[in-house]
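> Just to be clear, the model below is a prediction. Sequence and coordinates:
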Amino acid sequence: MDNYLGTIETLHTWNTGFSADSVEWCPVEKYQNIFVCGTYQLTEKDESSNASSVERFGKLYLFAFHGSQTDLIPIQTIETAAILDQKWCHFAISEKPHLGVVNASGFLQIYSLCDSNDAISLSLVSEICVSETPNNLALSLDWSNNKYNNDPHLAVSNSNGKVVIFTFDGSLTMVESWSAHDYEAWICAFDSWNPSVVFTGGDDSKLKVYDRRCIQKPQHVLKHDAGVTSFHSNLEREGILASGSYDQFVRIWDTRKLMKNLQEVDSGGGVWRLKWEPKERKLLLAACMYGGFALLKCDDTLNIVARHDHESIAYGADWCYDSTLLGSEDSSTCNLIATCSFYNCKLTTAAVKL
């Protein structure tokens, strides 16, 4: 049995009904107790129908976390197409937090968080189809203004291998589109320190780096042993990028010298999502599919320091940005996370202690 330096202790558990694959805490001040969970349900249609034999649908759940609560209960439920990914904009737009969602119908949707008479809810403000290709799934998204409060762009990756860039000023407008990968483009992310740079990862086992000022060809192509599925740019340490792959490895890169990764560790499962801890950003939370959830510490070495098992495919994981919600006297050693897993429809909140 492995002995780890830290622990992840479950606080609450809730059955999402549909298969859960995405969870995201709001980073905007005053709303950092808010998080969302997205689901993805696959059903077979009547084969006698002329329509597609597969239907993908989901639900978007909105939660408000309070340290004294005994149960997780959503404050809003929205019926949607199956959700593949979600990201909050790090800065308020028109004084409201905004959430981007991509789904199995090939749409990018933008929701605003409305706070009226102490009632908090999400409202759809804009949506756009990211591809004209039938049966195309929108797989991941990222906002360009994660570090700097500039006019936001959004990058969306698709199951046809394309990446599409949109502007958002209350409505969505497509500005760029290119074929980034031969197969599914599982992930895309902006360099938070230089939003002209976009990282993409695909089922062709390649990590690619594109400069939007010269989009015709990638600046770098790094071959992996399996599909590249996750990125997260570090907001505190310039140039530091975490990547995950179906090959089970978490890798840390310096984007200024990409010939070889700085560090790597076998996570024990295909890495679907990676999230840097929001304060010092030396801890990394990984959703490792069949390997459960892993907490990694990134100092001179990269090591797994805690694990959290859902006994199902681990897909969604994120940190709460408010370190005071747990009431800990030492918030540097006690953090709040949310995780979700697929077939057992399980959503948890948990305390990370080191």
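Now that the structure is in, tell me what you want to look at.

> After the worst-scoring helix or strand of the chain on mean pLDDT, which helix or strand is next? Please name it.
Using mean pLDDT, DSSP states H and E, the weakest-scoring helix or strand in the chain turns out to be strand 41-44, at a mean of 84. Once strand 41-44 ends, the next helix or strand along the chain (criterion: DSSP states H and E) is strand 54-64.

> So in that sheet, which strands flank that following strand, and in what orientation?
With DSSP bridges as the test, strand 54-64 is paired with strand 34-39 (antiparallel), strand 41-44 (antiparallel), strand 76-81 (antiparallel).

> Deepest-packed of those, please.
Each of the strands paired with strand 54-64 was scored by mean neighbour count; the highest is strand 34-39, a mean of 26, by mean count of other Cβ atoms under 10 Å. Glycine gets a C-beta too; all of them are placed from N, C-alpha and C.

> Not counting its own residues, what contacts that one?
16-26, 58-65, 74, 80, 82-86, 97, 99, 101, 113, 120, 122, 316, 318, 320, 338, 340, 345, 347 (Cβ atoms under 8 Å, 6 or more residues apart in numbering).

> and that strand, how far from the chain's centre?
11 Å (Cα atoms, centre = their mean, to the nearest Å).

> who's residue 244 bridged to?
residue 230, residue 250.

> who's in contact with it?
The contact partners of residue 244, by Cβ under 8 Å, 6+ apart, come to 228-231, 250-251, 267, 270-274, 286.

> and if we set it to 7 Å?
Listed by Cβ atoms under 7 Å, 6 or more residues apart in numbering, the contact partners of residue 244 are 229-230, 250, 271-272, 274, 286.

> and if you look at residue 25?
With Cβ under 7 Å, 6+ apart, residue 25 has these contacts: 32, 35, 318-321, 338.

> okay, it: pLDDT?
pLDDT for residue 25: 98.

> Then residue 66?
pLDDT, residue 66: 88.

> Skip the chain neighbours and tell me the closest residue to it.
residue 33 (6.8 Å; Cβ to Cβ, 6 or more residues apart in numbering).
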